[in-house]
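Asker: Structure, please.
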Amino acid sequence: MVQARADSTGAHSIDGVFRALADPTRRHVLERLSRSPASVTELAKPFDMALPSFLEHLKILEGYGLVRSGKTGRVRTYQLVPKRLRQAEDWLMRQRTIWTTRLDQLDSYLIELKEKNT
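Answerer: Numbers count the residues shown, from 1 in each chain. The predicted structure is shown next:
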């Protein structure tokens, strides 16, 4: 199983979330789980891969805290853990704010240069 690294606060590293999101199979699984919990069989159905390979994707998602699973009888069901996705979303929003500010400053500077040259 994938071991998620901890940051200085003891929380999972955000790097792991982005590593997990880097794979299209795992993103598809997360999209599917955003609708409702699902069994391993249901999640694996759309993919043309061996079950052990698919289970590795689920282990990675669970290892980084994006999903959790429970077993009832012989059926293992997975569900989304939205908190981890929100942490990635928050990080992306902070980056967007920084870049929007920088682009606005650049825009103002270029307008100022243009006005000086006219």
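
Asker: can you pull out the helices in this protein?
Answerer: Taking DSSP state H to define them, one finds helices in the chain at 14-21, 24-33, 40-44, 51-63, 82-117.

Asker: and those helices as a markdown table, adding distance to R76 and mean pLDDT?
Answerer: (C-beta placed from N, C-alpha, C; glycine too.) As requested, those are exported to a markdown table (distance: least, CB to CB, whole Å; pLDDT from 0 to 100):
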| stretch | distance to R76 | mean pLDDT |
| --- | --- | --- |
| helix 14-21 | 18 | 91 |
| helix 24-33 | 13 | 97 |
| helix 40-44 | 5 | 96 |
| helix 51-63 | 9 | 96 |
| helix 82-117 | 20 | 88 |
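
Asker: want to throw those helices into CSV with distance to V75?
Answerer: As requested, these are exported to CSV (distance: least, CB to CB, whole Å):
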stretch, distance to V75
helix 14-21, 23
helix 24-33, 15
helix 40-44, 8
helix 51-63, 14
helix 82-117, 23
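
Asker: Out of those, which gets nearest to K71?
Answerer: When those are compared by CB to CB, helix 40-44 sits nearest K71, at 9.9 Å.

Asker: Name the residues that touch the closest one?
Answerer: With contact meaning CB atoms under 8 Å, 6 or more residues apart in numbering, helix 40-44 is reached by V29, R32, L33, L51, F54, L55, L58, V75, R76, T77, Y78.

Asker: S39 versus the second one, what's the distance?
Answerer: Noted for R32: a distance of 11 Å to S39, by CB to CB, to the nearest Å.
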